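In: Pasting the sequence and the predicted coordinates here, then a few questions.
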Amino acid sequence: MKLTISRPDDWHLHVRDGDALKYTVPFTARQFARAIIMPNLSPPNINTEQALAYRDRILAVTPSGLRFQPLMTLYLTDNTPADEIAIAKQSGHVVAVKLYPAGATTNSDAGVTDIRKCYKTLEALQKHNMPLLVHGEVTSPDVDVFDREKQFIDKVLIPTRKAFPELKIVFEHITTKDAVDFVLSEDQYTGATITPQHLLYNRNAIFKGGIRPHYYCLPVLKREEHRLALNSAAISGNKKFFLGTDSAPHSQNNKENACGCAGIFSAPLAIELYTRAFDDNNALDKLEGFASFHGADFYGLERNTETITLEKAEWTVPESYPFSDGNIVPLHAGEKESWQLL
């Protein structure tokens, strides 16, 4: 059995920087026409000049013959000038701004401490029709890690939406039924990305046979009821939901230690994982919309005209791939996969 769809886009991606790029970028460029590149480098990309320089570094390692467009983002801080948004818009290559609550995830220490400090910048985003991408978790140590997304909705997202009703907001890598319900309750200015790991696995995967660090990401995997809600949203055909892998590479030695990094590396087989998830739900007819159309429509970009073809054929995911400082372990390493990109 073969399945041909319009070439998809990845609306949430980490590729790191420096020598790591030559190992990460080709996996994405092979499958996706475009990808929203996260700005949480060290130091982060806080202005347009830095974002464009990062774009050049990504393009420099993109394999020849592949049409791949990195779509750049700025890292929102408490002090991001509102004027920077106009500069970013005029660049033609910076398409969004990313909100990381300070301390929420990898390289987020410079993130936002109070969203109200950013209101002038959010006003500029709304004016220039540039989306705000949110990592939707509060970071208070007294809030349970499994409740942080729901708390973010109540304490940050709902007030922000009321203050800026026409600001485009992408609720990134949603993980709960609460997030699904929130997105469904909102109008056309709110969208959400869903990762392959949150479609395929619940939190039991982290502890199956022991601690499995390559299934640890932030936001963390949740209960089965939430996974089922995400699957229902993804296969619904609702244009508010679209593909965003949140593939986040860390070397094997940085994952497999006493304080392993958060992040799941799904880039080598991302579209295959999504295809399996939709196949498991008897919804292959809905995959193209989710993977190839909804995100482009939300961002106001043209849909891709090229296609890709997948074949239902069993293959074994490699145990690891080479990386800049050793090896990197992909999601589902060493296990059988049921779909393969031709």
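Out: Received, thanks.

In: ok, and what's touching the one helix or strand residue 272 maps to?
Out: Using DSSP states H and E, residue 272 sits in helix 270-280. Contact with helix 270-280 is made by 3, 8, 10, 27-28, 31-32, 196, 199-200, 231, 234-235, 243, 245, 247, 266, 284, 286-287, 290-291, 308, 310, 312, 331-332, 337-341, as judged by Cβ atoms under 8 Å, 6 or more residues apart in numbering. (Glycine included, C-beta is placed from N, CA and C.)

In: May I see the PyMOL selection of the buried members of those residues?
Out: Buried members of the contacts of helix 270-280, defined by 16 or more other Cβ atoms under 10 Å, are picked up in PyMOL with:
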select buried, resi 3+8+10+27+28+31+32+196+199+200+231+234+235+243+245+247+266+284+286+287+290+291+308+310+331+332+337+339+340
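
In: low-confidence ranges in the stretch 101-250 of the chain?
Out: 104, 106-108 (pLDDT under 70).

In: what about the helices in it?
Out: With helices called from DSSP state H, counting those that start in this stretch, the stretch 101-250 of the chain shows them at 119-127, 148-152, 158-163, 177-185, 196-200, 224-234.

In: Pick the most buried one from the ones you listed.
Out: helix 196-200 (a mean of 24; mean count of other Cβ atoms under 10 Å).

In: on contacts alone, who are the packing partners of that helix?
Out: On a contact count with 3 or more Cβ pairs under 8 Å, 6 or more residues apart in numbering; DSSP states H and E, helix 196-200 meets helix 224-234, helix 270-280.

In: the inter-axis angle of the last one versus helix 224-234?
Out: Angle of helix 270-280 versus helix 224-234, following axes from the mean of the first three to the mean of the last three Cα atoms, to 10 degrees, is 100 degrees.

In: model confidence over the helix or strand following helix 270-280, on average?
Out: Once helix 270-280 ends, the next helix or strand along the chain (criterion: DSSP H and E) is helix 287-288. Throughout helix 287-288, pLDDT has a mean value of 98.

In: Could you do stretch 263-274 as well?
Out: Averaging pLDDT along stretch 263-274 gives 98.

In: Start and end of that stretch, how far apart?
Out: One end of stretch 263-274 sits 18 Å from the other (Cα to Cα, to the nearest Å).

In: in it, what counts as buried?
Out: By 16+ other Cβ under 10 Å, the buried positions in stretch 263-274 come out as 263, 264, 265, 266, 267, 268, 269, 270, 271, 272, 273, 274.

In: Turn the residues you listed into a markdown table, including distance to residue 142.
Out: Converted to a markdown table, the buried residues of stretch 263-274 look like this (distance: Cβ to Cβ, whole Å):
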| residue | distance to residue 142 |
| --- | --- |
| 263 | 25 |
| 264 | 27 |
| 265 | 31 |
| 266 | 32 |
| 267 | 35 |
| 268 | 38 |
| 269 | 38 |
| 270 | 35 |
| 271 | 40 |
| 272 | 40 |
| 273 | 35 |
| 274 | 36 |
